[in-house]
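>>> Pasted the sequence and its predicted model underneath.
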Amino acid sequence: MSTDIVAGPTPAGVRVERLVTSGTFTLDGGEWEVDNNVWIVGDDTRCVVIDCAHDPDAILAAIGERELTHILCTHAHNDHIDGAPGVARATGAPIHLHPGDRVLWELTFPDTAPDADLEDGQRIPVGDLELQVRHTPGHAPGAVCLYAEALGVVFSGDTLFNGGPGATGRSFSDYPTIVFSIREQLLTLPPETIVLTGHGDATTIGAEAAGLGQA
């Protein structure tokens, strides 16, 4: 597996790389084979990983010799966190998750816990930019999106896809809640903002606003 640079670099060299990993999503007694986007944000020295999905070895290879400072989870469905403990053990980086998703985390890892909470409005430094945490419940109670204003991108996890809101047909999800989250926390961003999703292709805030009748 290899990474593609999808945004940046900033003047100080911070860029966004995408690694696609494959595995199984399990919930409510069902199993689905899925491809996940793993996002690496950083420069040549330090980086963070957003959603350690499926394959710790591939993620560690993509990080290379860089210092990993944060493992950030957009939510705790197993396909977004199953590689996180392995990457954390190998690097010493702390795992961050919104406390609203502890109930989902414990379905996959009942005997361990994340290292730190993510909070709405929190700002996480990455080189010369910051990732702003935006709490977007609906797909999962503790779902968050991460907005990098300096790059003009938002990492939407499974809250918003190319084509509309994330799924809400399983436990701990709710459609009116996800629509409210998208309208309040994402559609308020500049329309040209690139949406980097948990699965599949990118989109823009403007395109998805039009799809939700808010252009």
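Arrived safely, thanks for sending. Numbering: from 1, shown residues only.

>>> Per-residue pLDDT of residue 215, please?
pLDDT, residue 215: 52.

>>> Same question for residue 172.
We have a pLDDT of 97 for residue 172.

>>> Kindly report the same for residue 55.
pLDDT for residue 55: 98.

>>> Residue numbering should commence at 9 henceforth.
Got it, the first residue is 9 from now on, which makes the last one we talked about residue 63.

>>> Can you give me every residue that contacts it?
9, 29, 30, 31, 91 (CB atoms under 8 Å, 6 or more residues apart in numbering). For the C-beta atoms, the positions are set from N, CA and C on the backbone; glycine is no exception.

>>> Look at residue 98 and tell me its secondary structure.
The three-state label given to residue 98 by DSSP: H, G, I helix; E, B strand; the rest coil is helix.

>>> Mind telling me what element the closest residue in space to it that isn't next to it in sequence is part of?
Closest residue to residue 98 apart from its sequence neighbours, by CB to CB, 6 or more residues apart in numbering: residue 68 at 5.6 Å. According to DSSP states H and E, residue 68 maps onto helix 64-71.

>>> follow-up on the earlier one: closest to residue 177 among the contacts of residue 63?
residue 31 (20.5 Å; CB to CB).

>>> Does the closest one touch residue 59 like I think?
No. Proximity of residue 31 to residue 59 does not meet the contact threshold set by CB atoms under 8 Å, at 11.8 Å.

>>> Can you pick out the residue with more neighbours from those two?
More crowded of residue 31 and residue 59, by other CB atoms under 10 Å: residue 59, with 29 against 17.

>>> From residue 51, how far out is the more buried one?
20 Å (CB to CB, to the nearest Å).

>>> Thought residue 146 was touching residue 187, still the case?
Yes. The pair formed by residue 187 and residue 146 meets the contact definition of CB under 8 Å, at 7.1 Å.

>>> Overlap of the contact sets of the two?
Common neighbours of residue 187 and residue 146 (CB under 8 Å, 6+ apart) are residue 173.

>>> and residue 28, what are its bridge partners?
Taking DSSP bridges as the rule, residue 28 bridges to residue 45.

>>> mind listing what it touches?
Contact analysis of residue 28 by CB under 8 Å, 6+ apart lists 9, 43, 44, 45, 46.

>>> With residue 105 instead?
Counting by CB under 8 Å, 6+ apart, residue 105 touches 81, 84, 89, 113, 122, 124, 125, 126, 150.

>>> Okay, and the beta partners of it?
For residue 105, the beta-bridge partners under DSSP bridges are residue 125.

>>> before we move on, the earlier item: of the contacts of residue 63, keep whichever come out buried.
29, 31, 91 (16 or more other CB atoms under 10 Å).

>>> Touching, residue 200 and residue 212? I think so.
Yes. Using CB under 8 Å, residue 200 makes contact with residue 212 at a distance of 6.3 Å.

>>> Who has more neighbours out of the two?
Taking other CB under 10 Å, residue 200 and residue 212 do not tie; residue 212 has more neighbours (19 against 9).

>>> Can you check the pLDDT for the more buried one?
pLDDT at residue 212 comes out at 98.

>>> check contacts around residue 153.
Residue 153 makes contact with 82, 141, 142, 144, 162, 163, 164, 165, 167, 168, 193, 194, according to CB under 8 Å, 6+ apart.
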